[in-house]
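Colleague: Structure, please.
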Amino acid sequence: MKENSPSTGRKIAYPAEIQPGLVESRNLPAAEENRELCRIQASWLTQLFPDELIIQEKTISIIRNSLFVSFVETMPVRDIGRVVYVDALFFAGIQILGKNVAHELNVHGLPKHKARHARDLIERLLLEQDESGSEIRWMEPGPRRETIRHRR
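Modeller: Coordinates of the predicted model:
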């Protein structure tokens with residue numbers, strides 16, 4: 001990637017340690033501002049080249065590995081609408097649904113306890129971003145929201 005890419009306006013590639021994906025978004029944060037919180041790799045028993053889920057403060061990424069190539073799918077936290085835990089017999093998966101129905105991230109073959117931890121972490125990021133007064137409004141003010149606040 002060039003030093004200053006005209007298509008994104010960023011000075012460095014995002015994220016710096018991961019190969020860029022097929023499509024680059026203009027609104028992804030710079031790597032210095034986006035700390036990595038969790039990295040979970042799927043089991044090699046379910047996939048020959050396992051995918052990897054990376055949870056950062058402002059983005060969620062999935063690295064798709066195959067024989068000769070790997071690519072990254074990334075979604076900003078502010079664009080996430082819902083997180084679904086998919087349970088199976090031995091392993092689990094996570095489905096991240098965007099506010100726009102066309103945006104969706106899926107990862108499967110994760111250990112169950114790690115998938116639950118990842119889901120909880122993403123939901124906490126959504127709540128933190130909502131409370132900080134940013135753009136996310138995935139739960140409108142009302143009695144349900146007040147109930148969730150009192151449970152903490």
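
Colleague: quick one, phi/psi of residue 113?
Modeller: phi -70, psi -30 (degrees, to the nearest 10).

Colleague: er, residue 36 actually
Modeller: Torsion angles, degrees, to the nearest 10, at residue 36: phi -80, psi 130.

Colleague: Setting aside sequence neighbours, what's the nearest residue to it?
Modeller: Leaving aside its sequence neighbours, residue 36 sits nearest to residue 56 (Cβ to Cβ, 6 or more residues apart in numbering; 5.2 Å). The C-beta positions use only the backbone N, C-alpha and C, and glycine is treated the same way.

Colleague: Flag the shaky bits of this protein, pLDDT-wise.
Modeller: 1-32, 132-152 (pLDDT under 70).

Colleague: thinking again about what came up before, settle this for me: the residue nearest to residue 36 is touching residue 33, isn't it.
Modeller: No: the pair residue 56 / residue 33 is not scored as a contact, 9.6 Å apart, by Cβ atoms under 8 Å.

Colleague: For these two, indicate the residue with more neighbours.
Modeller: Shown here are residue 56 and residue 33; by other Cβ atoms under 10 Å, residue 56 has more neighbours (21 against 9).

Colleague: now that one: how far from residue 83?
Modeller: Distance, residue 56 to residue 83, using Cβ to Cβ, to the nearest Å: 15 Å.

Colleague: ok, which stretches of the protein are strands?
Modeller: 36-41, 52-56, 59-65, 70-76, 80-87, 92-98, 104-110 (DSSP state E).

Colleague: Many thanks, I have nothing further to ask.
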